[in-house]
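[1] Could you look at this predicted model? Sequence included:
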Amino acid sequence: MSEYYYELTINPQNNYELFLELLSALTNEAIEECEDGTLIARSEEDLSDVEFGILEFAKRLNINCTTTCIKKENQDWIENYKKSVKSVEVGSFFIRPSWEEKKEDKIDIIIDPALSFGSGHHETTSSCILAIDQFVKKDNEVLDVGCGSGILSIAAAKLGCGVDICDTDEVCINDTIENFKLNNATFNNSWIGSANKATKQYDVVIANIVADVLVMIHKDLKKCLKDGGILIVSGILDKHLDRVLSKFKDLKELEVIHKNEWVTVVFSK
Ligand SMILES: C[S@@+](CC[C@H](N)C(=O)[O-])C[C@H]1O[C@@H](n2cnc3c(N)ncnc32)[C@H](O)[C@@H]1O
């Protein structure tokens with residue numbers, strides 16, 4: 001990596017597309033198209049010749065166009081990005097990206113940034129982890145409905161539970177499978193879909209999904225829960241709490257966790 005790079009900005013007053021086309025022809029670098037109509041090219045090569053070509057083109061077409069070409073200090077973008085991904089401590093667990101060191105006195109969970117929801121930072125995920133810490137016991141059979149990144153089922157697996165995972169989004173199932181490998185953990189069954197496809201009853205069912213979906217699938221969640229089992233539901237905004245609670249009146253409320261405007265509820269059947 002060079003110590004410096006060049007940043008060329010181009011502001012044509014009109015005929016934006018012509019300038020974009022010319023810039024694309026003059027450089028192989030990626031071009032940033034800003035909302036205000038500015039074009040930006042960055043390169044470790046000096047872009048003064050490109051700037052000269054653009055200004056000559058504008059002069060000949062009699063188009064008002066301003067440019068700047070500035071030499072800037074290069075940064076280690078990957079290192080900067082890595083620094084922006086933070087680890088988080090939740091109860092007994094330490095959730096970290098793979099490039100950070102683990103904490104010896106905590107249960108280690110590795111989650112690298114990916115598309116699926118569940119880094120541990122969101123209030124709903126961290127509240128579910130607190131609930132898992134408190135209510136889930138070794139050897140419990142656990143179903144994670146809407147597994148996302150798999151963070152909750154990995155937490156349960158690390159406590160010594162047998163876990164099944166499901167999500168309506170195939171990408172999440174694939175990310176969860178990868179994250180289980182990354183964490184050297186195992187699950188039993190997985191499927192694309194929801195709690196209605198469960199073929200057995202569980203000691204613990206966890207569903208961190210939005211209120212509307214919890215209301216929609218409340219019967220399925222209860223059906224796949226053993227008598228005496230624990231149900232953890234989350235993803236509920238304060239304002240929707242009563243609507244969700246009304247669907248679980250037949251269960252016993254054990255704990256309600258509030259974090260900012262988000263609520264997580266733990267029931268027993
Ligand atoms: C908020 S994320 C939770 C991810 C992770 N469990 C966590 O706690 O961070 C909700 C997940 O539920 C999935 N989902 C949405 N509707 C669902 C449904 N009806 N059944 C199962 N999963 C669903 C989404 O694809 C998404 O991955």
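    Looks like it came in fine.
[2] ok, and the closest non-adjacent residue to S2?
    What sits nearest to S2 in space, not counting adjacent residues and going by Cβ to Cβ, 6 or more residues apart in numbering, is E44, at 4.3 Å. Using the backbone N, CA and C atoms, a C-beta is placed for each residue, glycine as well.
[3] Can you name the residues of the protein that neighbour the ligand?
    Counting by Cβ under 6 Å from any ligand atom, the chain comes close to the ligand at 116-118, 124-125, 128, 145-148, 151-152, 166-169, 172, 194, 208-209, 213, 217, 235.
[4] buried set for the helix or strand of the chain with the lowest mean pLDDT?
    Every helix and strand of the chain was ranked by mean pLDDT, DSSP states H and E. The lowest is helix 77-84, at a mean of 76. Within helix 77-84, no residue is scored as buried using 16 or more other Cβ atoms under 10 Å.
[5] Stretch 125-142 too?
    125-132, 135-136, 140-142.
[6] wait, which of those residues is closest to the ligand?
    T125 (3.5 Å; Cβ to the nearest ligand atom).
[7] Double-check the closest one against G118; I have them as touching.
    Yes. Counting by Cβ atoms under 8 Å, G118 is a contact partner of T125 at 5.5 Å.
[8] Do you have the helices of the chain handy? List them.
    Secondary structure of the chain (DSSP state H): helices at 16-26, 48-61, 77-84, 123-135, 151-158, 170-182, 211-216, 218-223, 241-245.
[9] tell me the most buried of those helices?
    For the helices of the chain, the largest average neighbour count (mean count of other Cβ atoms under 10 Å) is found in helix 151-158, namely a mean of 27.
[10] where's that one relative to the chain centroid, distance-wise?
    16 Å (Cα atoms, centre = their mean, to the nearest Å).
[11] so what does it touch, helix or strand wise?
    strand 93-96, strand 107-110, helix 123-135, strand 141-145, strand 162-167, helix 170-182, strand 202-208 (3 or more Cβ pairs under 8 Å, 6 or more residues apart in numbering; DSSP states H and E).
[12] Kindly reformat these as JSON lines containing mean pLDDT.
    Formatted as JSON lines, those follow (pLDDT from 0 to 100):
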{"stretch": "strand 93-96", "mean pLDDT": "97"}
{"stretch": "strand 107-110", "mean pLDDT": "98"}
{"stretch": "helix 123-135", "mean pLDDT": "98"}
{"stretch": "strand 141-145", "mean pLDDT": "98"}
{"stretch": "strand 162-167", "mean pLDDT": "98"}
{"stretch": "helix 170-182", "mean pLDDT": "96"}
{"stretch": "strand 202-208", "mean pLDDT": "98"}
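[13] could you dump the ones you listed to TSV with distance to K269?
    Formatted as TSV, the helices and strands packed on helix 151-158 follow (distance: least, Cβ to Cβ, whole Å):
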stretch	distance to K269
strand 93-96	26
strand 107-110	27
helix 123-135	13
strand 141-145	13
strand 162-167	18
helix 170-182	25
strand 202-208	9
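[14] Tell me which of the ones you listed approaches L39 most closely.
    Distance to L39, taken as Cβ to Cβ, is lowest for helix 170-182 among the helices and strands packed on helix 151-158, at 33.4 Å.
[15] Check which helices and strands that closest one is in contact with.
    Using 3+ Cβ pairs under 8 Å, 6+ apart, helix 170-182 sits against helix 151-158, strand 162-167, strand 190-192.
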